[in-house]
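Asks: Provide a 3D model corresponding to the input given below.
(2 chains)
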Amino acid sequence: MKTRFTALKGAPDVLPPETNLWGRIENAACEVFAAYGYDEIKTSIIEPAELFLRSIGASSDIVAKEMYSFTDKGGRSVSLRPEGTASVVRAYVEHNLSLRPAPQKFFYRGPMFRYERPQKGRQRQFYQIGAECFGTAHPGMDAELIVMLMAFLERAGLPALSLELNSIGCRNCRPAFKQRLREFFAPHLDGLCPDCQRRHEQNPLRILDCKVERCIAIRAGAPLISESLCAECREHFGALLGLLDAMKTPYTLNPHMVRGLDYYTRTVFEVTSGQLGAQNAVAAGGRYDLLVSEFGGPETPALGFAAGMERLSRLLSAAESLSMPRPEVFIASLGREAAAAALSTASALRARDKRVEVGWEGSLKSQLRRADKMGARYVVIIGEDELRSGSFKWKNLGTGESGETGAEEIFNLLS
RNA sequence: GUGGGCGUAGCUCAACUGGCAGAGCACUGGACUGUGGCUCCAGUGGUUGUGGGUUCGAUCCCCAUCGCCCACCCCA
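Replies: Sure thing, here's the model as predicted:
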């Protein structure tokens, strides 16, 4: 009995030509990141479950209900990574990278896993490309990271996305703000949605983020974090805004943005597009000054972001229609004798990075038809006549122009 | 996890009130012995997502299940 397998729910294959688009996006990222001094770090996609629990936060939705966790054969509780930052921080601490000159800057790319119900722009296995920077608390680094992100998006072909910013304070000022929020919402508890009633205890900041209408109405008069920041946080955020202004990087302040991961401090930001449906975030990140020490490293301020490959790809493929790369030359070979000549001719062209296809079988007509369907620029015909004379017939499929060429001069076609 | 929509050929979709599963595109070949596109012809392709039920008979009605899509939630 034949069994037909299909990919797991929420783990779709990515096929050409879309994979070529992904390659372009990644190349844009690598180029831009390199100019900013970021080098690639590759970490395992499987980690101790505890790592994510301690960084993202046990009460976060990601950890509470979306992790792919299991016990391995050694009895260890492990998880597929739901995001990239925790692993990079782990590696930074594990390899004592704080002993290298600061700042240390890394980027990463690869699959992440969250057990969610798939929808437009949201999969269970999804790919992120992200960057992390360790070792400076200066707002200049916040600005640099954001400017780098925008430069990457622009080089990838995605200008004009909107950038939203906020500061959510630090361990000095946030607890007091949380308390003020609790006090503000306490009299309105009954009016809040069930989720927000739960958030009121666990993380009242998230009420600010809620999209339920009556919660939005209730929070209208809620205290703003921007008015509760300590002097240091206020100064940090102000300096960042000044730098972005100086760079003419447009942004919108969003005092209600809080982010879903517990480890953020001070700066948080999000890049969104209106064309993505409900899942509109293209990239997001922020500062996490406490996480390195939380993981047993020295107190090390740090920050980073991650961008979603599927969402970037979706935006780009909406803007341009994708097509398969076209061969420059299609070599039609006729008969057994021609195969060797076809292969060596193709190899010579390929050695010069020309994309070449060999039509190994079928009538000349069917090979020409295939060449045409692939969009080949030239067809070169190698059959008995050509083998005898040592001169290959060629044809330009766009113009219809044709001629003959010796095997050695074939490169002249492609100038 | 919750709600709604949808599952028929590789793709887009037909099939009357329950009565022989079809078309276009794509693919392969031919018309045209070794010259593509256009045209014409032919061929390949299906356990109608799966399993049950009702019925003389189910793509159609019922139940279950799986999958996809969209939204909630959450987030990249």
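Asks: What residue, apart from its backbone neighbours, is nearest the closest residue to RNA strand B within the stretch 251-400 of chain A spatially?
Replies: Ranked by CB to the nearest atom of the strand, the top residue of the stretch 251-400 of chain A for proximity to RNA strand B is A:G260, at 1.2 Å. Every residue, glycine included, has its C-beta placed from N, CA and C. Nearest non-adjacent residue to A:G260, counting by CB to CB, 6 or more residues apart in numbering: A:S60, 5.8 Å away.
Asks: and if you look at A:M247?
Replies: In space, A:M247 is closest to A:V147, 5.6 Å off (CB to CB, 6+ apart).
Asks: quick one: that neighbour and A:A246 touch, right?
Replies: No. Applying CB atoms under 8 Å, one finds A:V147 not in contact with A:A246, separated by 10.3 Å.
Asks: Neighbour count for the two, which is higher?
Replies: Neighbours per residue (other CB atoms under 10 Å) separate A:V147 from A:A246, with A:V147 holding more: 15 against 9.
Asks: how about the host helix or strand of that one: buried residues?
Replies: Assigned by DSSP states H and E, A:V147 falls within helix A:139-155. For helix A:139-155, burial by neighbour count (16 or more other CB atoms under 10 Å) applies to A:139, A:141-146, A:148-153, A:155.
Asks: Which strands or helices does that helix pack on?
Replies: helix A:18-35, strand A:125-134, helix A:231-246, strand A:265-272, strand A:281-287, strand A:302-308 (3 or more CB pairs under 8 Å, 6 or more residues apart in numbering; DSSP states H and E).
Asks: Tell me the secondary structure of A:S59, please.
Replies: The assignment at A:S59 comes out as coil when based on DSSP: H, G, I helix; E, B strand; the rest coil.
Asks: My guess is A:D209 contacts A:P255. True?
Replies: No. In this structure, A:D209 is not within contact of A:P255 by CB under 8 Å, at 10.9 Å.
Asks: Find residues that contact each of the two.
Replies: In terms of CB atoms under 8 Å, 6 or more residues apart in numbering, A:D209 and A:P255 are not both contacted by any residue.
Asks: Count the neighbours of the nearest residue to A:Q279 once chain neighbours are set aside for me.
Replies: Of all residues not flanking A:Q279 in the chain, A:G121 sits nearest, at 3.6 Å (CB to CB, 6+ apart). For A:G121, the neighbour count with other CB under 10 Å is 19.
Asks: Next one: A:G121 from A:F392, what distance?
Replies: 50 Å (CB to CB, to the nearest Å).
Asks: picking up where we left off before, pull the contacting residues for the residue of the stretch 251-400 of chain A closest to RNA strand B.
Replies: By CB under 8 Å, 6+ apart, the neighbours of A:G260 are A:S60, A:D61, A:I62, A:R206.
Asks: Most neighbours among those residues, which one?
Replies: A:S60 leads these on contacts (other CB under 10 Å) with 22 neighbours.
Asks: Is A:R90 in a helix, a strand, or coil?
Replies: A:R90 ends up helix, using three-state DSSP.
Asks: what about it, distance to RNA strand B?
Replies: A:R90 is 17 Å from RNA strand B, where distance means CB to the nearest atom of the strand, to the nearest Å.
Asks: give me every residue that touches that residue.
Replies: A:T43, A:E47, A:L51, A:F295.
Asks: ditto for A:T136
Replies: So A:T136 contacts A:A102, A:P103, A:P301 (CB under 8 Å, 6+ apart).
Asks: Put together TSV for those residues, with pLDDT on each row.
Replies: TSV is the format used below for these (pLDDT from 0 to 100):
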residue	pLDDT
A:A102	88
A:P103	95
A:P301	97
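Asks: List only buried entries from those residues.
Replies: Buried among those by 16+ other CB under 10 Å: A:P103, A:P301.
Asks: Taking the buried residues of helix A:139-155 together, which two end up most distant?
Replies: Maximum pairwise distance among the buried residues of helix A:139-155 (CB to CB): 24.3 Å, between A:P139 and A:R155.
Asks: Next one: A:P194 from A:C215, what distance?
Replies: The gap separating A:P194 from A:C215 is 11 Å, by CB to CB.
Asks: The residue nearest to A:A151 when sequence neighbours are not counted: neighbour count?
Replies: Among residues not flanking A:A151 along the chain, A:V32 sits closest, at 5.1 Å (CB to CB, 6+ apart). A:V32: 21 surrounding residues under other CB under 10 Å.
Asks: Distance-wise, check A:V32 relative to A:L244.
Replies: Counting by CB to CB, the gap from A:V32 to A:L244 is 17 Å.
Asks: same question, A:E213
Replies: A:E213 is 32 Å from A:L244, by CB to CB.
Asks: more crowded one of the two?
Replies: A:L244 (20 against 9).
Asks: A:V358 looks like it's in a helix, true?
Replies: No. Secondary structure of A:V358 (three-state DSSP): strand, not part of a helix.
Asks: Can you spell out which residues form a bridge with it?
Replies: For A:V358, the beta-bridge partners are A:I331 (DSSP bridges).
Asks: isn't it right next to A:V329, touching?
Replies: No. Judged on CB under 8 Å, A:V358 makes no contact with A:V329 at a distance of 9.3 Å.
Asks: residues bridging contact with these two, i.e. touching both?
Replies: With CB under 8 Å, 6+ apart as the test, A:V358 and A:V329 both reach A:A346.
Asks: Three-state assignment for A:I218, please.
Replies: Classified using three-state DSSP, A:I218 is helix.
Asks: quick one: it from RNA strand B, how far?
Replies: A:I218 is 14 Å from RNA strand B, by CB to the nearest atom of the strand.
Asks: just A:P16 next, same as before
Replies: If you measure A:P16 against RNA strand B using CB to the nearest atom of the strand, the figure is 14 Å.
Asks: Kindly report the same for A:K105.
Replies: 19 Å.
Asks: And for that residue, the neighbour number?
Replies: 21.
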